[in-house]
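[1] Coordinates for the following, if possible.
(one chain, ligands or ions: 2)
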Amino acid sequence: MPPTILGSRRLAWPAEAQCAAFAAALAARPGIADAAIELRGPLGAGKTTFARHLLRALGVAGRIKSPSYALMEPYRLAAGGAAAHLDFYRFADPHEWIDAGLREVYAAPGLKIAEWPDKAGDLLPPPDLRLTLEVGDDGGRSVTVEALTPLGLALLG
Ligand SMILES: Nc1ncnc2c1ncn2[C@@H]1O[C@H](COP(=O)(O)OP(=O)(O)OP(=O)(O)O)[C@@H](O)[C@H]1O
Ligand SMILES: [Mg+2]
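    Ligands and ions are numbered 1, 2, ... in the order given. Here you go, the predicted structure:
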């Protein structure tokens, strides 16, 4: 059974600045450090860009790479917690992910940001928040933010 959507919001991000502003607002909310976030949308929609802004807003310094080859990039947040940025685009073998520590990451506290979660089949638990990015004719992004848990609802504001 698909998880129930407890609440949703539509956002307009005409440029990357609005993406950055939303990421900064989300970073300021209590509970973000243990949230699981899914990022959906086509190639180049801005999923990694959003993940970068969110991690930066949470105090991650240094390079934030797209995890498309490494599967998973770990980070340490300024407040002390852990974060993992994952990308399932090249998902082929669930064992590869289990061996890489996916279960442990989701079982532990910490922020989880997953791109292309739909490619992971049923390997991922339902997220707290799901962002679906669409690219408009003018290059701006329309974003649907859905809360699937009480934490997600609190993050939605
Ligand atoms: N709101 C926005 N408005 C305009 N351009 C944007 C916006 N958000 C991101 N971009 C630009 O679009 C590109 C998005 O690339 P990004 O790597 O973030 O996409 P992605 O969704 O992660 O793609 P992939 O599926 O390949 O991982 C970047 O060049 C970024 O600067
Ligand atoms: Mg990406």
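[2] State the helix or strand in which the residue nearest to the spatial centre of the chain lies.
    For the chain, the residue sitting closest to the mean C-alpha position, by CA atoms, centre = their mean, is Ile113 at 3.1 Å. Taking DSSP states H and E as the definition, Ile113 sits inside strand 111-115.
[3] dump the residue contacts of the residue nearest to the centre of the chain.
    Shown in contact with Ile113 (CB atoms under 8 Å, 6 or more residues apart in numbering): Ile37, Leu39, Ala51, Leu54, Leu55, Ala83, Ala84, His85, Leu86. To be clear about C-beta, it is placed using only N, CA and C from the backbone, and glycine gets the same treatment.
[4] Which secondary structure element of the chain has the lowest mean pLDDT?
    helix 94-99 (a mean of 94; mean pLDDT, DSSP states H and E).
[5] hang on, the earlier thing: return the strand holding Ile113 as PDB; C-alpha atoms alone will do.
    Coordinates of the C-alpha atoms in strand 111-115 are reproduced here as PDB (Å, rounded to 0.1, in the frame of the first residue of the first chain):
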ATOM      1  CA  LEU A 111      19.500  13.100   7.400                       C
ATOM      2  CA  LYS A 112      18.900  11.000   4.300                       C
ATOM      3  CA  ILE A 113      18.500  12.600   0.900                       C
ATOM      4  CA  ALA A 114      17.700  10.200  -1.900                       C
ATOM      5  CA  GLU A 115      17.600  11.000  -5.700                       C
END
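[6] Where does the protein get nearest to ligand 2, which residue?
    In the chain, no residue comes nearer to ligand 2 than Thr48, which is 3.3 Å away by CB to the ion.
[7] A helix includes that residue, no?
    Yes: note on Thr48: a helix contains this position according to DSSP: H, G, I helix; E, B strand; the rest coil.
[8] which residue packs closest to it, ignoring adjacent ones?
    Closest residue to Thr48 apart from its sequence neighbours, by CB to CB, 6 or more residues apart in numbering: Ser66 at 4.7 Å.
[9] what's the neighbour count on that neighbour?
    Other residues within reach of Ser66 by the criterion other CB atoms under 10 Å amount to 16.
[10] Let me see the backbone angles for it.
    Backbone torsions of Ser66, given as degrees, to the nearest 10, read phi -70, psi 130.
[11] For stretch 149-157, which outside residues touch it?
    Contacting residues not belonging to stretch 149-157 are listed as 3, 6-9, 25-26, 29-32, 34-35, 126-130, 145-147 [CB under 8 Å, 6+ apart].
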